[in-house]
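Enquirer: give the three-dimensional model of this entry:
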Amino acid sequence: MTDEFIIKSLSALEDLQEVQRLEALVWGMDCVPIHQTITAVKNGGLVLGGYINGQLVGFQYSFPGFKDGRGYLCSHMLAIHPAHQKKGYGRLLKLAQKEEALKKGYDLITWTYDPLESVNANLNIGKLKAVCSTYMEDCYGNMKDTLNEGLSTDRFMVEWNIRQEAKEETPLPDKAIHIVTTGMNDQGFPYIKDYHFETNDEVIAIPIPTDIQQIKKSDLRLAIDWRLKTGELFKALFAKGYVAAGIEREQGENIQNYLLKKQE
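Expert: Predicted coordinates:
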């Protein structure tokens with residue numbers, strides 16, 4: 001039996017200080033100032049803490065956004081203690097975020113993430129059913145933390161329309177057209193051999209490695225190659241009207257695919 005994961009909305013100074021300590025542990029970068037998180041919470045933002053046996057093991061931080069006459073919730077950061085990762089707690093925090101956002105009157109949540117991070121892709125696109133049609137090159141500039149150092153900080157900007165009913169199921173994987181050819185190198189890492197853009201098929205599969213961090217540690221040039229080639233693919237296909245709307249696994253544990261669907 002697993003310990004219960006309890007989620008609370010946080011606003012007290014001491015709670016936000018605890019959030020900051022967890023942020024430093026997980027992300028290993030300069031933390032969001034507490035005066036910023038306090039101000040955000042008081043002005044339409046949200047900090048959620050996830051607890052096990054009274055100990056903070058995860059959090060999610062959001063603040064209000066506004067563009068083109070529309071307000072939305074900008075989801076800035078989510079972190080789970082290393083000892084509790086890959087247990088589904090990130091998804092629980094996002095679902096709690098959705099419920100709290102609805103109470104505050106939001107109908108849209110947006111956030112960015114590295115499209116080469118397969119775990120994040122599975123959560124954001126696969127499980128939460130957020131979608132993406134925006135690719136942001138080097139979004140945060142040169143970052144020196146462990147997760148980001150060595151690669152440009154390219155990001156997907158995802159949109160989660162939280163008032164919509166569950167969307168139609170993504171077409172079955174066997175209907176997806178593969179425009180990328182991959183191979184496996186001597187180290188057992190996948191790489192892109194070739195690709196093309198000449199397609200107008202309804203659903204297209206674009207591969208990413210399932211462990212870009214391991215590739216980066218062992219072969220930085222290969223990790224950069226994945227960044228450059230997938231970036232070119234996503235930018236070209238988004239410009240043609242495709243949207244990333246699903247995930248499928250392929251070739252064992254080495255590759256998974258984004259399913260890009262032609263927008264109607």
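
Enquirer: low-scoring stretches of this structure, by residue?
Expert: In the predicted model, the chain carries pLDDT under 70 at residues 1-2, 144-148, 165-174, 250-253.

Enquirer: so residue 112, which of the three states?
Expert: Here residue 112 is recorded as strand under DSSP: H, G, I helix; E, B strand; the rest coil.

Enquirer: spatially nearest residue to it (excluding sequence neighbours)?
Expert: residue 155 (4.0 Å; Cβ to Cβ, 6 or more residues apart in numbering). The C-beta positions use only the backbone N, C-alpha and C, and glycine is treated the same way.

Enquirer: check contacts around the one you found.
Expert: Shown in contact with residue 155 (Cβ atoms under 8 Å, 6 or more residues apart in numbering): 112-115, 135-136, 139-140.

Enquirer: adjacent strands (with direction) for whichever strand or helix holds residue 256?
Expert: Using DSSP states H and E, residue 256 sits within strand 255-262. Strand 255-262 sits in its sheet next to strand 203-209 (antiparallel), strand 242-250 (antiparallel), going by DSSP bridges.

Enquirer: deepest in the core, which of these is it.
Expert: Each of the strands paired with strand 255-262 was assessed for mean neighbour count using mean count of other Cβ atoms under 10 Å. The highest is strand 203-209, with a mean of 22.

Enquirer: and after that strand, which helix or strand comes next?
Expert: Sequence order places helix 212-218 as the next helix or strand after strand 203-209, per DSSP H and E.

Enquirer: got the buried residues for the next helix or strand after that next one?
Expert: Next helix or strand after helix 212-218 toward the C-terminus (DSSP H and E): helix 220-239. Residues 222-223, 226-227, 229-231, 233-234, 237-238 are the ones in helix 220-239 that count as buried (16 or more other Cβ atoms under 10 Å).

Enquirer: just stretch 120-131 next, same as before
Expert: 120-126, 128-131.

Enquirer: residue 185 reaches residue 191, doesn't it?
Expert: Yes - with contact defined as Cβ atoms under 8 Å, residue 185 counts as touching residue 191 (5.7 Å).

Enquirer: now do the shared contacts for these two.
Expert: residue 222.

Enquirer: more crowded one of these two?
Expert: Remark: of residue 185 and residue 191, residue 191 carries more neighbours, 16 against 11, as counted by other Cβ atoms under 10 Å.

Enquirer: before we move on, which element is the more buried one in?
Expert: Element membership for residue 191, per DSSP H and E: strand 190-195.

Enquirer: which outside residues touch that strand?
Expert: Residues from elsewhere that reach strand 190-195 (Cβ under 8 Å, 6+ apart): 179-185, 207, 209, 222, 225-226, 229-230, 233, 251, 254-255.

Enquirer: switch the cut-off to 10 Å
Expert: Outside strand 190-195, the residues that touch it by Cβ atoms under 10 Å, 6 or more residues apart in numbering are 178-185, 206-211, 215, 219, 222, 225-226, 228-230, 232-233, 236, 250-251, 254-255.

Enquirer: which residues of the stretch 1-150 of the chain fall in helices?
Expert: Using DSSP state H, counting those that start in this stretch, the helices of the stretch 1-150 of the chain run over 13-27, 34-42, 89-103, 118-121.

Enquirer: now the strand holding residue 256: buried residues?
Expert: Buried residues in strand 255-262, counted by 16+ other Cβ under 10 Å: 255-261.

Enquirer: cool, and stretch 206-219?
Expert: 206-213, 215-216.

Enquirer: stretch 53-63 now?
Expert: Buried residues in stretch 53-63, counted by 16+ other Cβ under 10 Å: 56-63.

Enquirer: ok, now stretch 20-33?
Expert: 20, 22-23, 26-27, 32.

Enquirer: closest to residue 7 among these?
Expert: residue 22 (14.2 Å; Cβ to Cβ).

Enquirer: tell me which residues touch the closest one, please.
Expert: Residue 22 is in contact with 31, 49-50, 55-59, 79-81, counting by Cβ under 10 Å, 6+ apart.

Enquirer: distance to residue 104 for those residues - can I get that in a markdown table?
Expert: As requested, the contacts of residue 22 are exported to a markdown table (distance: Cβ to Cβ, whole Å):
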| residue | distance to residue 104 |
| --- | --- |
| 31 | 24 |
| 49 | 17 |
| 50 | 19 |
| 55 | 27 |
| 56 | 22 |
| 57 | 25 |
| 58 | 21 |
| 59 | 18 |
| 79 | 22 |
| 80 | 24 |
| 81 | 27 |
